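Asker: Need coordinates for the below:
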Amino acid sequence: MSKLFTTAELSGLTLYQLQAIYRTVHQELVQSQPGSDTRRNALASLENISRAITLCRANPTLRR
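Answerer: Now for the predicted structure:
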């Protein structure tokens, strides 16, 4: 089962780290079965990671 990445967990990461996690979770999504817990967690995580990436790009002080 895929780990669900929360907003709190992602808030302290760099843009590079967020992008790396995004790629890993996206690969899990591609390999998951429709309707599975893994797929639901991957989709939710990708939404959270996308938001964190957007925030990081919008605020250069967060890019570390």
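Asker: all helices for the chain, in order.
Answerer: 7-10, 15-31, 37-58 (DSSP state H).
Asker: Tell me which of these is the most buried.
Answerer: Neighbour counts (mean count of other Cβ atoms under 10 Å) averaged over each of the helices of the chain peak at helix 37-58, with a mean of 17. Any C-beta I mention is one placed from the backbone N, CA and C, and that applies to glycine too.
Asker: so what does it touch, helix or strand wise?
Answerer: helix 7-10, helix 15-31 (3 or more Cβ pairs under 8 Å, 6 or more residues apart in numbering; DSSP states H and E).
Asker: Counting by contacts, list what the shortest one packs against.
Answerer: When you say that, I think you mean helix 7-10. Using 3+ Cβ pairs under 8 Å, 6+ apart: helix 7-10 touches helix 37-58.
Asker: Quick one: low-confidence residue ranges for the chain.
Answerer: Scanning the chain with the threshold set as pLDDT under 70 gives 1, 62-64.
Asker: Dead centre of it: give me the residue that sits there.
Answerer: residue 49 (3.0 Å; Cα atoms, centre = their mean).
Asker: Return the distance of the residue of the chain positioned farthest from its centre relative to residue 29.
Answerer: In the chain, counting by Cα atoms, centre = their mean, residue 61 sits farthest out from the average C-alpha position, at 19.9 Å. Taking Cβ to Cβ, to the nearest Å as the measure, residue 61 falls 31 Å from residue 29.
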